[in-house]
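> my questions concern the predicted model and sequence given below.
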Amino acid sequence: MKLILQWIFCFSLGFVTECQEKRYGLSGGSITLNLDLGNRSHLQDVMWRRFNRQELLANLKGVHPDIKRRMSLNVLDRSLTIHDLQENDSGMYEALDSWEKESLASYSLTVENNVSEPAIEVHGYNSSAGVCRATVNCSADGNWAQFDCDQHLCLEKDAFLTSVNITVTASDSVHCHARNHVSERRAQTSIMCHEKQQSFSRFLSPSFGSPRWSAVGFCWFCWVWEQYLSREENLQKFIHSPALL
């Protein structure tokens, strides 16, 4: 009931654009604009127009010949389906009664392309107090956002976003998410200084076979070899001593 009163209020004041339902379609795909006839099933005809009623698209007699290949009208529920969506299909669509006095439905359609795979740039590494920080730039389709990230959290510093929303998250790697209303793409990369910290931690770990224990083993081998050479030298001196000659 509230929705019906809102539509009556909007159309009575002529604020059609404020009452439009926003719809988003994928370029190359299809979308159906529905019409809730309610108690209007007695209507003899329904006319679909777009671009502020400047272009007639369809009525119960059929679809306009120029667009018949890409649009179809369901004669039972009067819904309009647009096929092979193009960016220039974006705009305002209205369903009107046969006298074009009453607006039965109004849509604001936006056609969007698939989001491109986002590009990630990581720079400005700074490792202090056991925390690795870096500046992360993520961009897609002319949109970009800059984040300050550590191993667990990314905070947005600056952004230029028009048609794509960009977010960045961090765990062991940096993940960039680029999305619009009809598609989403992701990309990821590693934080180098975090990896270095992990390598350094492994070096300090006392586990057997770690670089620390390898270094200890090498030093022990050097000591044994030094003792062996010393014994050989002393033996040679003893053999060639004057007492034995």
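All right, it came through fine. Numbering: from 1, shown residues only.

> gap between Glu117 and Ile31?
Remark: distance between Glu117 and Ile31 (C-beta to C-beta, to the nearest Å) = 25 Å. Glycine gets a C-beta too; all of them are placed from N, C-alpha and C.

> and Cys138, by the same measure?
Distance, Cys138 to Ile31, using C-beta to C-beta: 29 Å.

> more neighbours: these two, which one.
More crowded of Cys138 and Ile31, by other C-beta atoms under 10 Å: Cys138, with 26 against 18.

> show me what the one helix or strand that one maps to is packed up against.
Per DSSP states H and E: Cys138 is located in strand 131-140. Packing partners of strand 131-140 (3 or more C-beta pairs under 8 Å, 6 or more residues apart in numbering; DSSP states H and E): strand 119-128, strand 143-149, strand 165-170, strand 173-179, helix 192-204.

> average model confidence for the third one?
In this model, strand 165-170 carries a mean pLDDT of 90.

> got it, and stretch 226-236?
What stretch 226-236 shows for mean pLDDT is 64.

> can you check stretch 67-87 too?
For stretch 67-87, the mean per-residue pLDDT is 92.

> list of residues touching it?
Contact partners of stretch 67-87, identified using C-beta atoms under 8 Å, 6 or more residues apart in numbering, comprise 25-35, 37, 46, 48, 57-60, 62-64, 89, 93, 95, 109, 111, 113.

> looking at these, which are in strands?
Mapping these onto strands (DSSP state E) picks out 25-26, 31-33, 46, 48, 57-59, 62-63, 93, 95, 109, 111.

> care to break this protein down by domain?
Per automatic domain parsing, the domain ranges recorded for the chain read 2-111, 119-200.

> how about those in CSV, adding distance to Glu226?
Listed next are those as CSV, based on distance: least, C-beta to C-beta, whole Å:
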stretch, distance to Glu226
domain 2-111, 74
domain 119-200, 30
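
> these: which one's closest to Ser230?
Among those, the nearest to Ser230 by C-beta to C-beta is domain 119-200 (36.5 Å).

> relative to Cys176, how far out is Leu43?
Noted for Leu43: a distance of 50 Å to Cys176, by C-beta to C-beta.

> drop anything exposed from the contacts of stretch 67-87.
For the contacts of stretch 67-87, a burial check counting by 16 or more other C-beta atoms under 10 Å picks out 25-26, 31, 33-35, 37, 46, 48, 57-59, 63, 89, 93, 95, 109, 111.

> Leu96: how many residues sit nearby?
Leu96 has 20 neighbours, counted by other C-beta under 10 Å.

> who does it form a beta bridge with?
Taking DSSP bridges as the rule, Leu96 bridges to Met47, Ser103.

> which residues does it contact?
Contact partners of Leu96, counting by C-beta under 8 Å, 6+ apart, are Val46, Met47, Trp48, Arg49, Arg53, Glu102, Ser103, Leu104.

> out of those residues, who's the most crowded?
The most crowded member of the contacts of Leu96, judged by other C-beta under 10 Å, is Trp48 (25 neighbours).
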